[in-house]
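Peer 1: Give me the fold of what follows.
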Amino acid sequence: MHTRLTGVLLACLCFGETAHAGILVFRTEKGLQFTDAAAITVNGKDKAASLGSQSAIGTPVSKLPSAKLAGTLLRDADVGALLEYDPGRLNYLAPEGLPKNSPSDLPGIWKVSKIAYKAAENSKATTDVEGEFVAFLPAGADDLATLCMDPQALQLIGGKGKGFQMQVDLHLKEIGRAHV
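Peer 2: So this is what the prediction gives:
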């Protein structure tokens with residue numbers, strides 16, 4: 001309970017005025033970065049093909065069902081692909097609107113795809129994610145606090161055996177932002 005409360009308090013300190021906005025987490029050469037984001041697009045689209053719990057493509061992307069990019073989105077660091085995340089349920093995604101001659105493997109497809117975000121829900125303009133996408137947390141500070149306390153999610157975005165370090169990095173970024 002104490003660690004959950006600490007995570008919520010830190011998230012609220014960092015995002016007090018924008019707690020209603022989503023948070024985009026990405027990594028640059030300066031480390032983890034946070035920015036407000038209302039929505040995510042991939043290759044200019046607000047949907048992607050759904051692979052379910054499988055992290056490999058067995059069917060052409062055009063034949064897979066579509067899923068709106070709406071919930072918590074994480075990048076599986078070991079696979080190199082985005083997924084929709086609910087605790088205990090993973091839905092790997094494959095981008096739509098791929099350039100011609102794109103790779104056929106999921107990590108390769110994500111490498112050639114362009115991830116962008118809208119700063120406000122009513123905005124038509126998008127901004128490209130500069131760096132490596134880590135997570136989109138649509139409920140903002142609440143999702144950030146939940147992410148910081150979820151070992152499975154931390155392992156996914158940090159990589160195998162790096163969940164604790166990811167938790168530390170997220171907390172350090174939260175604390176640093178609270179003092180700005």
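Peer 1: So for the closest residue to residue 123 other than its chain neighbours, what's the pLDDT?
Peer 2: Among residues not flanking residue 123 along the chain, residue 38 sits closest, at 7.2 Å (CB to CB, 6 or more residues apart in numbering). (Glycine included, C-beta is placed from N, CA and C.) Note for residue 38: predicted pLDDT of 96.
Peer 1: now do the one 10 residues further on
Peer 2: On the pLDDT scale, residue 48 is placed at 96.
Peer 1: Show the contacting residues for it.
Peer 2: Counting by CB atoms under 8 Å, 6 or more residues apart in numbering, residue 48 touches 42, 66-67, 69, 82, 93-96.
Peer 1: Mind doing that once more with 6 Å?
Peer 2: Residue 48 makes contact with 42, 67, 93, 95-96, according to CB atoms under 6 Å, 6 or more residues apart in numbering.
Peer 1: Check residue 113 too.
Peer 2: Counting by CB under 6 Å, 6+ apart, residue 113 has contacts 42-43, 95.
Peer 1: What strand or helix carries the residue most central in space within the chain?
Peer 2: Centroid check for the chain by CA atoms, centre = their mean gives residue 135 as the closest residue, at 1.9 Å. Counting by DSSP states H and E, the secondary-structure element that holds residue 135 is strand 132-137.
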